[in-house]
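> how would this look folded up:
(4 chains)
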2 protein chains.
Amino acid sequence: MSVQGRKERERADRERLILATARELAEQQGWEAVTTRRLAERIEYSQPVLYSHFRGKREIIGAVALQGAAEMATALRAAAATADEPRGRVAALAQAYLDFAARNPAVYDAMFQLDGGLAFAQADTPEPLKEGFAALLGSLSEVAGDGVDPGLFTEVFWAALHGLATLTRAGRLPSEHAERRTELLVDRWVQSGQEAKRS
Amino acid sequence: MSVQGRKERERADRERLILATARELAEQQGWEAVTTRRLAERIEYSQPVLYSHFRGKREIIGAVALQGAAEMATALRAAAATADEPRGRVAALAQAYLDFAARNPAVYDAMFQLDGGLAFAQADTPEPLKEGFAALLGSLSEVAGDGVDPGLFTEVFWAALHGLATLTRAGRLPSEHAERRTELLVDRWVQSGQEAKRS
DNA sequence: CTCGGTTGTCTAGCGGTGCTAGGATTTCTT
DNA sequence: AAGAAATCCTAGCACCGCTAGACAACCGAG
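I've put the predicted structure just below:
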């Protein structure tokens, strides 16, 4: 019965290969260059094998997005752990978020810009996405202030980060003062008592 | 020599027809439904006619985006004029921005989501876009606070609005508490500016 | 070790896309 | 009224996502 096990393993390997190749190609030349033909050629199989793993291109994008969401959640958790006071945590989170978006533009697009068929803000939201949001929520609740819904507070902060990420990468904002913008955002967002400003 | 004048007029009319049709079709069924064939059929001409007006689909999207930018700039200016104190102006601007995005999703996409070949934050940025930004800048400078670059301050605020607009429309944020989010954003953005201000 | 059957893969093709060359037709000029 | 010029359309290219059906490789049974 181990022959079946081997086949399953090979299948899983190939699926990983497809996703890794799609991601690599997207990061190198953009998602519009990720066509089923090119993708098939790179993995050295014919097009139809792609459809034996995924329902279609959408689902491939969705799978890459899911990978990315998991990585981003990890990065955010790690960032939050580096600082020991609330403001520093928020700053670290913001930086980590924008870094991830800048370093993995195609994956970020798959997550938030393209239609990967992922559900959001609903019952069937994928776990990695919920985790990423939870990482933000944990540190932002601390600085929300009284009478402010932490959930909404986090959502708006996230929206600001998302806006900065997309507008910067689309060339809508000059990438020149990206750090000062992040700082400005965090300053406004954590404006409660502590006036501890890092240079 | 008035025959030439008439021809030019007819040509301009047809160009407007193309843009209006493209916009209408995009708002009705999304930009992916705006194909050159369908567009040509709707204006009752053949495809190549489109290419005698625009270099390609990109340029059509760009032209719609430009129209939209002008409308948005007008809407923002009007909104800023409705309130007589700084905080109200910022709130009105935010509301007007998000309203525009919600009511003209396809146009908003053309402006910021799709590639319409428009330049941004550069020397050759189209005038309407600069005007829109200027409308924001005028009211936000008032609440930026000391030692805060008004330009950067406005950019980050804009990014937050953009994030809210896109995430809400993509279903990433439940459209339920949209107004509370806007309120929350404006609160955070204006508040400390007022108190710390000492001119 | 051979042989049927299953499983896996590929070739070929469908309808769609953006875009364009070249011929046909209309329109203006003389 | 006829030649010239502008205008427009038919037809087709290369590519897209996706799929049916032929073909080859592999497996387990005898």
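> lowest average confidence, helix or strand, in chain A?
Across the helices and strands of chain A, mean confidence by mean pLDDT, DSSP states H and E is lowest for helix A:2-29: a mean of 88.
> residue A:152: how many residues sit nearby?
17 (other Cβ atoms under 10 Å in any protein chain shown). Yep, even glycine has a C-beta here, placed from its N, CA and C like the rest.
> wait, it touches residue B:180, no?
Yes. Counting by Cβ atoms under 8 Å, residue B:180 is a contact partner of residue A:152 at 5.8 Å.
> ok, the spatially closest residue to residue A:17 that is not a sequence neighbour - contacts?
Nearest in space to residue A:17, with sequence neighbours left out and distances taken as Cβ to Cβ, 6 or more residues apart in numbering or on different chains, is residue A:43 at 5.5 Å. Residues in contact with residue A:43 (Cβ atoms under 8 Å, 6 or more residues apart in numbering or on different chains) are A:14, A:17-18, A:21, A:49.
> tell me the secondary structure for residue A:143?
Counting by DSSP: H, G, I helix; E, B strand; the rest coil, the backbone at residue A:143 sits in coil.
> show me what residue of chain A gets nearest to DNA strand D.
Proximity of chain A to DNA strand D (Cβ to the nearest atom of the strand) peaks at residue A:56, 2.7 Å away.
> off-centre distance for stretch A:106-119?
The chain centroid and the centroid of stretch A:106-119 are separated by 9 Å under Cα atoms, centre = their mean, to the nearest Å.
> so how far is stretch A:90-97 off the chain centroid?
Here stretch A:90-97 is found 13 Å from its chain centre; the criterion is Cα atoms, centre = their mean.
> surely residue A:133 touches residue A:157?
No. Judged on Cβ under 8 Å, residue A:133 makes no contact with residue A:157 at a distance of 10.7 Å.
> what is in contact with those two at once?
Here residue A:133 and residue A:157 have no joint contacts, going by Cβ under 8 Å, 6+ apart.
> looking at those two, which one has more neighbours?
Between residue A:133 and residue A:157, counting by other Cβ under 10 Å, residue A:157 is the more crowded of the two (29 against 20).
> please identify which helix or strand holds the more buried one.
Assessed by DSSP states H and E, residue A:157 sits inside helix A:150-169.
> same thing with residue A:81?
If you go by DSSP H and E, residue A:81 is part of helix A:57-82.
> quick one, that helix and helix A:2-29 angle?
Helix A:57-82 and helix A:2-29 meet at an angle of 80 degrees, taking axes from the mean of the first three to the mean of the last three Cα atoms, to 10 degrees as the criterion.
> is chain B within reach of helix A:57-82?
No. Counting by Cβ under 8 Å from any Cβ of the partner chain, chain B is not contacted by helix A:57-82; separation bottoms out at 12.0 Å.
> so for that helix, mean pLDDT?
Mean pLDDT, helix A:57-82: 97.
> tell me what that helix is packed against?
Judged by 3 or more Cβ pairs under 8 Å, 6 or more residues apart in numbering or on different chains; DSSP states H and E, the packing partners of helix A:57-82 are helix A:2-29, helix A:86-103, helix A:105-108, helix A:127-141.
> buried set for the last one?
Residues of helix A:127-141 classed as buried under the neighbour-count rule (16 or more other Cβ atoms under 10 Å in any protein chain shown) are A:128-129, A:131-133, A:135-140.
> can it be said to contact chain B?
No. Helix A:127-141 does not reach chain B (Cβ under 8 Å from any Cβ); its nearest approach is 9.2 Å.
> what's the answer for the shortest one, then?
No. Using Cβ under 8 Å from any Cβ as the criterion, no contacts between helix A:105-108 and chain B are found, and the smallest distance is 12.8 Å.
> you'd agree residue A:125 is up against residue A:134?
No. The pair residue A:125 / residue A:134 is not scored as a contact, 11.2 Å apart, by Cβ under 8 Å.
> which one is residue A:126 nearest to, not counting chain neighbours?
Leaving aside its chain neighbours, residue A:126 sits nearest to residue A:66 (5.8 Å; criterion: Cβ to Cβ, 6+ apart).
> distance check, that neighbour against residue B:146.
For residue A:66, the distance to residue B:146 (Cβ to Cβ, to the nearest Å) stands at 45 Å.
> please say which of these two ends up with more neighbours.
residue A:66 (19 against 9).
> and chain A, which residues reach chain B?
Neighbours of chain B within chain A, by Cβ under 8 Å from any Cβ: A:112-113, A:120-121, A:148-149, A:152-153, A:155-156, A:158-164, A:166-167, A:170-174, A:177, A:180-181, A:184-185, A:188-189, A:191.
> which of these count as buried?
If we count by 16+ other Cβ under 10 Å, the residues of chain A next to chain B have these buried: A:112-113, A:120-121, A:148, A:152-153, A:155-156, A:158-164, A:166-167, A:172-173, A:181, A:184-185, A:188-189, A:191.
> low-confidence ranges, chain A, go.
A:1-6, A:121, A:192-199 (pLDDT under 70).
> tell me the one of the buried residues of helix A:127-141 nearest residue B:39?
Nearest to residue B:39 out of the buried residues of helix A:127-141 is residue A:129 (Cβ to Cβ; 36.3 Å).
> so how far is DNA strand C from the closest one?
Residue A:129 sits 31 Å away from DNA strand C, taking Cβ to the nearest atom of the strand, to the nearest Å as the criterion.
> wait, that residue sits on residue A:116?
No. At 11.2 Å, residue A:129 does not count as touching residue A:116 under the criterion of Cβ under 8 Å.
> okay, now the domains of chain A?
Using automatic domain parsing, the domain ranges for chain A come out as A:1-53, A:57-189.
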